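> Any chance you can model this:
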Amino acid sequence: GNSLNIYSQIGMILLIGLMAKNGILVVSFANQLRDEGLSVRDAIVRGSELRFRPILMTAISTVFGAMPLVLAAGAGAESRAAIGTVIIGGLSFATILTLFVVPVLYDLMARFTRPAGAIGDRIAALQLDRRQRPAAGE
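From the prediction side, this is the model:
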């Protein structure tokens, strides 16, 4: 089997970056949709639908790009295989997490928050209300 060596750790760093980027894409798009007035569930469903293809295309192209690392022979093939194995296996698993687990967690957690636009609207309404109210001494 393969060991956890410096090359596989480098692959994990790459994997963490890709997974974080994909998760951020889904969440930020859902937040934009919430700011436009959609409910939490509608925003995450729509955001996941719209980000599904780009995330899947990125993952598939990266997996196919890592195939030569795993299949190569010759000098240094063992180190390249370690990076390639981590990228292929990890990215396959991370893509499933991004497409299915991140939306579920967002749906569970975002119910307790307000969209950023709603907070800004509330602050603007309070400032307008303060300007329209007469001062106590008047």
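
> Does residue 37 lie in a helix or a strand, and which?
Per DSSP states H and E: residue 37 is located in neither a helix nor a strand.

> Once you drop chain neighbours, what's closest to the most centrally placed residue in the chain?
For the chain, residue 23 is the residue whose C-alpha lies nearest the centre (Cα atoms, centre = their mean; 0.9 Å). In space, not counting the residues next to it along the chain, residue 23 is nearest to residue 102; the distance is 5.0 Å by Cβ to Cβ, 6 or more residues apart in numbering. Every residue, glycine included, has its C-beta placed from N, CA and C.

> what sits against that neighbour?
Contacts here follow Cβ atoms under 8 Å, 6 or more residues apart in numbering; on that basis residue 102 touches 23, 26, 27.

> Please, which helix or strand holds it?
helix 102-110.

> same check, this time on residue 29
Using DSSP H and E, residue 29 sits in helix 6-35.

> try residue 75
Residue 75 belongs to no helix or strand when assigned by DSSP H and E.

> So it versus residue 94, what's the distance?
Residue 75 is 30 Å from residue 94, where distance means Cβ to Cβ, to the nearest Å.

> so where is the protein shaky, pLDDT-wise?
Applying pLDDT under 70 to the chain flags the ranges 1-2, 115-124, 134-138.

> Apply 80 and report the result again.
1-4, 76, 79, 111, 114-138 (pLDDT under 80).

> Distance from stretch 62-80 to the middle of the chain?
27 Å (Cα atoms, centre = their mean, to the nearest Å).

> which parts of it are buried?
For stretch 62-80, the buried set under the neighbour-count rule, 16 or more other Cβ atoms under 10 Å, comprises 62, 63, 66, 69, 70, 80.
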